[in-house]
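have a look; sequence and predicted model below, questions after that.
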Amino acid sequence: MKSMEKLNVTAIIWQEDDVYVSKCPELEVASAGDTPEEALENLKEAVELYLENAKALGILNDFAASLHSQNKFTSTFGVEGEQTSFCFIKQDHKTSPKSRI
């Protein structure tokens, strides 16, 4: 099996309740873990599998620009917005989310 080239991609990690969510914005691949380190390791595995599948499907070149860019920038900024809350209502033995603003 021919080895793939080494790529540097971005990982964004944030906490949601008791879990850490990780996302690779170049590929729109996400994962999670109990710690930031675990979330990153799980994301690495998910990205590697995604790239293997993209190569097998012949769509790897669709991501070439974002994967090979030498200039990548990340930033955070604040915006004003309304807070949305969610409640869960039991219906017919199933739990389904209903949004409430």
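Cool, the structure landed.

can you count the residues close to the closest residue to Ile12 other than its chain neighbours?
Excluding the flanking residues, the one nearest Ile12 by C-beta to C-beta, 6 or more residues apart in numbering is Lys23, at 5.0 Å. Where you see a C-beta, it was placed from the backbone N, CA and C, and this is true even at glycine. Using other C-beta atoms under 10 Å, the number of residues around Lys23 comes to 19.

mind starting the numbering at 20 from now?
I'll keep to 20 as the first residue from here, and by that count the last item is Lys42.

am I right that Lys42 is in contact with Ala51?
No - counting by C-beta atoms under 8 Å, Lys42 sits too far from Ala51 to count as a contact (9.6 Å).

immediately after the longest helix along the chain, which helix or strand?
Secondary structure assigned by DSSP state H gives helix 55-76 as the longest helix of the chain. The element immediately downstream of helix 55-76 (helix or strand, assigned by DSSP states H and E) is helix 83-87.

ok, residues contacting that next one?
Leu26, Val28, Glu45, Leu46 (C-beta atoms under 8 Å, 6 or more residues apart in numbering).
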